[in-house]
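J.: 3D model of this:
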Amino acid sequence: MSIEVISRPFCSLCNEEGKQLYLATVDWLFGVPGNWGLRRCSSCDVAWLDPQPAPKDSDKLYARYYTHSTNAPLTRLGRLRHATLKCVLARLGYPVPRPKEILPQLLSHVRSVARAAALDVLALPASETGVLLDVGCGNGEFIARMSSLGWTVSGVDPDATAVSYAWSRGLEVFRGTISDLPVTPCYDVITLNHVVEHVIDPVGLLRECRKRLRPSTGRLIITTPNINSLGHWWFNRYWRGLEVPRHLVLFSQDSLRECVKRAGLSLYSLCTETRLARMIYSPSVCAKQDGRAIGERTSFKVSTRIAAYFFQGLEDLLLYLKKDLGEEIFCVCSAPTAV
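T.: Model prediction:
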């Protein structure tokens, strides 16, 4: 499988030449061939892939992607997480039955656990239920969850295999990009859940979202890996969040704030989150040990899984001291008032 590449030495925000961050990184997650470099702008604090795959070859990057798979059966730990999620959803106002077991009720009051569960619905309370569009919806897992909670949902994604699976679940999903949808400001919420890092022009994507949000009340929710996270500092080129060559741009809080501003959106809140710390830790450890096809693994060594819990605990603790260390940026912005 050959992939055409494009040289991109300059920052898309300030047009300065970026400094080399890493050379000759490989896709140890899903095995896309090639050696990939990353640059970082010292002024804008944004990082990007250089060279980048040509847009015409983008489908090749996702041939074995995780959005092509179905949900695995729940394990005992998975059932506990699901029960804990129900407790948190009930507190967010959703009409879900509270589990009778004591353990999930107790866990739902642990701050980091409760926050991670809330982010399964992107912290959207039941009081704001309305019309939601998930951009880059993949196989539709998120919109299926939100539909079950009373939201009117639809999604859009360019991946034919993922969209086909979403259709098989009876979900309203369009194949393509948000630019292919009518420019009608009809959405109460648009979500970009780990999507903005996959596009060449993130500001352009945010502008397209802005055009389709209800003026004043519409909200855009963005989640994306944090280039300034503890995990990146810890693992460097083996950090799971790099995900070359699918992640074309990587953000800090400052660089994402600048993109939001340039897109004409109003920033409501911006912070970093630790919910992905364990998910980041285990594959990063395997990559450092020269592992391959890690994205298709369903389990890791017991010692690695235990260490991942300690890593997340450390990140939770350090976040009190330095607010930008979380693995993930969580950003909420709003559409401007109609003139």
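J.: give me phi/psi at Trp48?
T.: Dihedral pair for Trp48: phi -150, psi 160, per degrees, to the nearest 10.
J.: pLDDT value on it, please?
T.: At Trp48, the predicted lDDT confidence score is 98.
J.: residues contacting it?
T.: Neighbour list for Trp48: 8, 11-12, 18, 38-40, 248-250 [criterion: Cβ atoms under 8 Å, 6 or more residues apart in numbering]. Every C-beta, even on glycine, is put in place using the N, C-alpha and C of the backbone.
J.: out of those residues, flag the one nearest to Arg237.
T.: Closest approach between the contacts of Trp48 and Arg237, by Cβ to Cβ: Leu38, at 8.3 Å.
J.: any idea how far Leu256 is from that closest one?
T.: Distance, Leu38 to Leu256, by Cβ to Cβ, to the nearest Å: 17 Å.
J.: who has more neighbours, these two?
T.: Higher neighbour count among Leu38 and Leu256: Leu256, with 27 against 21, using other Cβ atoms under 10 Å.
J.: need the three-state assignment for the more buried one.
T.: Classification of Leu256 by DSSP: H, G, I helix; E, B strand; the rest coil places it in helix.
J.: so it makes contact with Ile227?
T.: No. Assessed by Cβ atoms under 8 Å, Leu256 is found out of contact with Ile227, at 9.9 Å.
J.: and Leu314, helix, strand or coil?
T.: Strictly by three-state DSSP, Leu314 counts as helix.
J.: list the contacts of it.
T.: Per Cβ under 8 Å, 6+ apart, neighbours of Leu314: Leu230.
J.: per-residue pLDDT, it?
T.: Leu314 carries a pLDDT score of 97 in this model.
J.: hey, where'd the strands end up in this protein?
T.: 5-6, 19-25, 36-40, 47-49, 52-53, 131-135, 152-157, 173-175, 189-193, 219-225, 249-250, 266-273, 328-334 (DSSP state E).
J.: ok, which of those comes nearest Asp316?
T.: strand 266-273 (10.2 Å).
J.: quick check: can you name the pairing partners of that closest one and their directions?
T.: Counting by DSSP bridges, the strands paired with strand 266-273 are strand 328-334 (antiparallel).
J.: show the end-to-end separation of stretch 147-164, please.
T.: By Cα to Cα, to the nearest Å, the extent of stretch 147-164 from end to end equals 18 Å.
J.: list of residues touching it?
T.: Contacts for stretch 147-164 (Cβ under 8 Å, 6+ apart): 58-59, 62, 65, 67-68, 89, 94-96, 121, 124, 126, 129-140, 142-143, 146, 166, 171-178, 180-181.
J.: next: stretch 276-290.
T.: Residues from elsewhere that reach stretch 276-290 (Cβ under 8 Å, 6+ apart): 28-29, 229-231, 234-235, 238-241, 291, 294-295, 297, 300, 304-305, 307-309, 311-312, 315-316, 326-328.
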